[in-house]
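**Student:** what's the 3D shape of this:
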Amino acid sequence: MVTGKIKNIFDYHKKYFLITFAKVFIKITMQNYKITIAYDGTKYNGWQIQRNKSVTIQGKISELLSKLEGKTVEVIGSGRTDSGVHAKQQTANFVLEHDYKPSELLNYMNKYLPQDIAIQTVEKVDERFHARFSCKSKTYRYRIHISNIPDVFSRKYVYDYNEKQLDIELMRKAAAALIGTHDFKGFCGNPKFKKSSIRTITDITINKTDAEISIDFSGDGEF
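**Tutor:** Numbering: from 1, shown residues only. You can find the predicted model right below:
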């Protein structure tokens, strides 16, 4: 009788030990990955997954990784982009239960993602890294095509304006007034915008060639 009780106690502790070990093992093998992404946003409804199941960049990447893991994988972006906006080096991160080599993930993702989404880099990072909260700065570029000759290769990525010559020095002077922390609510397209419209702009660079003007905004949020 006593032997039976001892055996039951032993079996219980053995089972508890194995369950605890399994939990610890799973926790240890969870790996956080950071990726940089380039994409042509022409046919996408921005970065963020939406309730109406629109086609988004985040959705495409999450769907692919979820198939790999056999469960839903949350992909965290450093920021959002609107419909039709493109990116060259957007950062994101995700956590996987399996420990893959960065090169394996890079090859897998670029093989099965659409051709208008490219994973540029994959690296293992500390579990505390968060693409959104760890982000220090964001840069947005606006391109204005000013030539009378159409650019057939860049037409999807520029705004055409050739009605009159733009004064670059006057533009730079006006842009200087935006440097710093301001409330940009007046620039919001949605009058019911509920989130904070306060942004800090650290730099605005305006460059001009014969055919194009580019304006780069750098700061702490979406512009």
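
**Student:** hey, let's count contacts and neighbours off CA atoms from now on
**Tutor:** OK.

**Student:** residues near the closest residue to Ile35 other than its chain neighbours, how many?
**Tutor:** Closest residue in space to Ile35, ignoring its immediate chain neighbours: Val122 at 4.6 Å, by Cα to Cα, 6 or more residues apart in numbering. Other residues within reach of Val122, judged by other Cα atoms under 10 Å, total 21.

**Student:** How much space separates Val122 from Val85?
**Tutor:** When Cα to Cα, to the nearest Å is the yardstick, Val122 and Val85 sit 23 Å from each other.

**Student:** lowest average confidence, helix or strand, in the protein?
**Tutor:** Lowest mean confidence among the helices and strands of the chain (mean pLDDT, DSSP states H and E): helix 2-29, at a mean of 51.

**Student:** Which helix or strand lies directly C-terminal to that helix?
**Tutor:** Along the chain past helix 2-29, the next helix or strand (assigned with DSSP states H and E) turns out to be strand 31-39.

**Student:** For that following strand, which outside residues touch it?
**Tutor:** By Cα atoms under 8 Å, 6 or more residues apart in numbering, the residues outside strand 31-39 that reach it are 86-99, 116-127, 129, 131.

**Student:** Spell out which residues make up each domain of the chain.
**Tutor:** Per automatic domain parsing, the domain ranges recorded for the chain read 28-125, 138-219.

**Student:** For stretch 173-186, measure first residue to last.
**Tutor:** Rule used - Cα to Cα; the end-to-end distance of stretch 173-186 is 20 Å.
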